[in-house]
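Asker: when you get a sec, could you give me coordinates for this:
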Amino acid sequence: MSHVHVMDHPLIQHKVSLMRDKETGPKEFRELLNEISMLMAYEVTRDLPLKTVQIETPICSAQTKVIAGKKLAIVPILRAGLGMVDGIMSLVPAAKIGHIGLYRDPNTLEPVEYYCKLPADAQEREILLLDPMLATGGSAVAAIGFLKKRGCHNIKLVNLIAAPEGINRVQQEHPDVEIFVAALDEKLNDHGYIIPGLGDAGDRLFGTK
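Answerer: Residues are numbered from 1 along each chain as shown. Next up is the predicted model:
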C-alpha cells in the first residue's frame, strides 16, 4: 500500500484554513497555495541523497554535504496543479517541469488525456505529480498510469487536500506511489466534492467562478 504523509506543521495547517475560507479571493488563494507548496516541498524532498564535497570556507578547508545530483521533475496536472509549481521550484530551481492535461469524458466519466509533455529524460527522474485536490482519485490514478506508460516509475503524489476515497483508490491501483497531503478531510459528498474541502481549486485559483 502507498505510504501516506499528512503534513501537520502549524504553518501549513494555518494556511490551509485560510484557503478554505470562502471569503479568500484568487490573489490570496494563489499566494497561500504557493506558500504551502514550498513548505510541503521541504518534507517531500527529505530523502534526497547527499554526497560529501571538499570546499574552502573563509576560514579553512571543510568537507560538507550537497545533494548528490538526483534529478527531479515537477509535473502538475492541468490546470489547478499549476498553482503548486512555483513554490516547489523556489526550493529546487534545477528541476524540470512537465505537464499532464486531463478531462473527464461526459459519458464514461473516465479521465482522458488531452496533453502530456515531459522532460526527455523523465524516466531517469523522480517525479513529483502535483494536484491540489485528491477527491475520487480518478485523475491522479490516470495521470500516474500515463507516467508509467512513458517509463516513469519513481513517482510521488503531492496534494493539498485529500479525501479518504481518493487515498484508497491511489493505494489500490498504484501501491508503489507515496502520497503527501497537507490535510486529510472527512469524505466526498454526492457530487464528488471533498467535505469540508475548499470548493473547486482551479476556479478559486484562476477566478473563473
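
Asker: got the CA positions of stretch 30-43 in PDB?
Answerer: Extracted in PDB, the C-alpha atoms of stretch 30-43 (Å, rounded to 0.1, in the frame of the first residue of the first chain):
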ATOM      1  CA  ARG A  30      -2.700  31.700  -5.200                       C
ATOM      2  CA  GLU A  31      -0.300  33.200  -2.700                       C
ATOM      3  CA  LEU A  32      -1.300  30.700   0.000                       C
ATOM      4  CA  LEU A  33      -1.100  27.700  -2.300                       C
ATOM      5  CA  ASN A  34       2.400  28.800  -3.400                       C
ATOM      6  CA  GLU A  35       3.500  29.100   0.200                       C
ATOM      7  CA  ILE A  36       2.000  25.800   1.300                       C
ATOM      8  CA  SER A  37       3.600  24.000  -1.700                       C
ATOM      9  CA  MET A  38       7.000  25.400  -0.700                       C
ATOM     10  CA  LEU A  39       6.600  24.200   2.800                       C
ATOM     11  CA  MET A  40       5.400  20.800   1.600                       C
ATOM     12  CA  ALA A  41       8.400  20.500  -0.700                       C
ATOM     13  CA  TYR A  42      10.700  20.600   2.300                       C
ATOM     14  CA  GLU A  43       9.200  17.300   3.500                       C
END
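
Asker: averaged pLDDT, it. What do you get?
Answerer: The pLDDT scores in stretch 30-43 average 95.

Asker: buried residues in it?
Answerer: R30, E31, L32, L33, N34, E35, I36, S37, M38, L39, M40, A41 (16 or more other Cβ atoms under 10 Å). (Each C-beta comes from the backbone N, C-alpha and C, glycine too.)

Asker: ok now stretch 14-27, how far from the chain's centre?
Answerer: 18 Å (Cα atoms, centre = their mean, to the nearest Å).

Asker: typo on my end, it should be stretch 40-47
Answerer: Distance of stretch 40-47 from the chain centroid (Cα atoms, centre = their mean) equals 11 Å.

Asker: stretch 88-105: which residues count as buried?
Answerer: By 16+ other Cβ under 10 Å, the buried positions in stretch 88-105 come out as I88, M89, A95, I97, G98, H99, I100, G101, L102.

Asker: let's see that stretch as CSV, backbone CA atoms only.
Answerer: In CSV, the C-alpha atoms belonging to stretch 88-105 read as follows (Å, rounded to 0.1, in the frame of the first residue of the first chain):
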residue,chain,number,x,y,z
ILE,A,88,8.4,23.9,-5.2
MET,A,89,10.6,25.4,-7.9
SER,A,90,11.7,28.1,-5.4
LEU,A,91,13.4,25.3,-3.4
VAL,A,92,14.6,23.1,-6.3
PRO,A,93,15.1,25.5,-9.2
ALA,A,94,17.1,22.9,-11.2
ALA,A,95,14.1,20.6,-11.5
LYS,A,96,12.5,20.3,-14.9
ILE,A,97,8.8,20.7,-15.5
GLY,A,98,6.3,18.5,-17.4
HIS,A,99,2.6,18.9,-17.8
ILE,A,100,-0.4,16.5,-17.9
GLY,A,101,-3.8,17.6,-19.1
LEU,A,102,-6.9,15.5,-18.3
TYR,A,103,-10.6,15.9,-18.8
ARG,A,104,-13.5,13.7,-17.7
ASP,A,105,-15.4,12.1,-20.5
